[in-house]
Each structure stands twice: as structure tokens, then as C-alpha cells.
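Colleague: got a predicted model here, sequence first, then my questions.
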Amino acid sequence: MLTQDEMKRIDAIMLSHDYNQTSVIAILQEVQKEYRYLPEDALCYIAKGLSLSEAKVYGVATFYENFSLEPKGKYVIKCCDGTACHVRGSIPILEEFRKQLGVTEKNPTTEDMLFTVETVSCLGACGLAPVCTVNDAVHAAMTPKKAAQLIAQLKEEAANEN
């Protein structure tokens, strides 16, 4: 169930798009930025606000790979496993991230909601392979050692914010 404050924030997002049904993708992007995923209650609220069926909004949310219906961590790490990255050793890097964080393919998010580790088919940075991103910041020429250092750095950054 959405709180009054959450409904106000979603209303403000929809209002900034003039409650235009053709802006549903942009609206979903902004809502996902707020929550780091698309909660079911938010999808239903958006559908009602835009006078669309819940099925239509859900269909958009599930069609595009960048939308998530599952909560994600504060730091979303995407490991590229495209051809260039794969042949340059992306799998050991992915395994190091998972080992450092205690996550798996089936459970990619840490219990403290700090990290999510995903694999992607291509990040479009083949010349920098192997590559990963953390919240869209590119980290090139990754190695398992660099992956472990990156996790330590991000954990320190998160601790300093608290």
C-alpha cells in the first residue's frame, strides 16, 4: 500500500508529464529512480492516474529490460558478458563480485539492500573489455582483484554516508 507521501511523489511525476499516456515509459523511469524498482502498488496507481489498464502498464514494465519489479540495491553492478568481455575474462570477475557480496544469480541483491549484481549481454564498451558498471559509471579493464577493490571502496563510501 502506498503512503500519502508516496502518492504525492508519483502524482508530481505524472503531473510533470501532464498525465499523458504516451509518457508512461518516462513516468516509469522516474518512479523506478525513486524506488530503485517498480513496486506493484505504484504500477496500479500509475495505471489509474493515466487512465490505462493495469495490464498495459505492467506490460510496459515487463517488456523493457531496464525496468525491474524486484527491489535492487543502492549500488547496481552490471557485469558485461558479451563476446569481447567474455573472451577477456568476465566470468571470473562476476564470480568475484558474487563471492565478495555473498549473492547468487537467483538472489542477486544483498540482504542489506546495498548491492545488486547482474549480468548483461552488452554495455557497448567492447574496446574497454572486460567492463562493468556501478549505477551506470563505467569501470574498464576489470579483473577479479579490481572487483574486490571496487567492493571495498563502495562499502567504505556507504559507511561514510551513514
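Modeller: Cool, got the structure. All values derive from a computational prediction rather than experimental measurement. Numbering: from 1, shown residues only.
Colleague: going forward, measure contacts and count neighbours with C-alpha atoms only.
Modeller: Will do.
Colleague: where in the chain is pLDDT low?
Modeller: Applying pLDDT under 70 to the chain picks out residues 162.
Colleague: ranges for the strands of this structure?
Modeller: Ranges of strands in the chain, per DSSP state E, are 75-80, 115-120, 132-134, 137-139.
Colleague: got JSON lines for those strands, with distance to Ala61 too?
Modeller: Converted to JSON lines, these look like this (distance: least, C-alpha to C-alpha, whole Å):
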{"stretch": "strand 75-80", "distance to Ala61": "18"}
{"stretch": "strand 115-120", "distance to Ala61": "18"}
{"stretch": "strand 132-134", "distance to Ala61": "22"}
{"stretch": "strand 137-139", "distance to Ala61": "24"}
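Colleague: tell me the most buried of those?
Modeller: Using mean count of other C-alpha atoms under 10 Å, the stretch among the strands of the chain with the largest mean neighbour count is strand 75-80, at a mean of 24.
Colleague: what packs against it?
Modeller: Under the contact definition 3 or more C-alpha pairs under 8 Å, 6 or more residues apart in numbering; DSSP states H and E, strand 75-80 sits against helix 90-101, strand 115-120, strand 132-134.
Colleague: for Asp18, find the nearest of those.
Modeller: Across those, Asp18 has its closest neighbour in strand 132-134 (32.3 Å, C-alpha to C-alpha).
Colleague: what's the nearest residue to Leu128 if we skip its chain neighbours?
Modeller: Closest residue in space to Leu128, ignoring its immediate chain neighbours: Ala140 at 5.2 Å, by C-alpha to C-alpha, 6 or more residues apart in numbering.
Colleague: now do the helices in the protein.
Modeller: For the chain, the helices defined by DSSP state H cover 4-16, 24-35, 40-50, 54-63, 83-87, 90-101, 144-161.
Colleague: any idea which of those helices is most buried?
Modeller: Across those, averaging neighbours per residue (mean count of other C-alpha under 10 Å) puts helix 90-101 on top, at a mean of 19.
Colleague: that helix versus strand 75-80: what angle between them?
Modeller: With axes from the mean of the first three to the mean of the last three C-alpha atoms, to 10 degrees defining the directions, helix 90-101 sits at 160 degrees from strand 75-80.
Colleague: what sits closest to the residue nearest the centre of the chain if chain neighbours are left out?
Modeller: The residue lying closest to the centre of the chain (C-alpha atoms, centre = their mean) is Val76, at 5.4 Å. Distances taken as C-alpha to C-alpha, 6+ apart put Thr116 closest to Val76, at 4.8 Å, once the chain neighbours are dropped.
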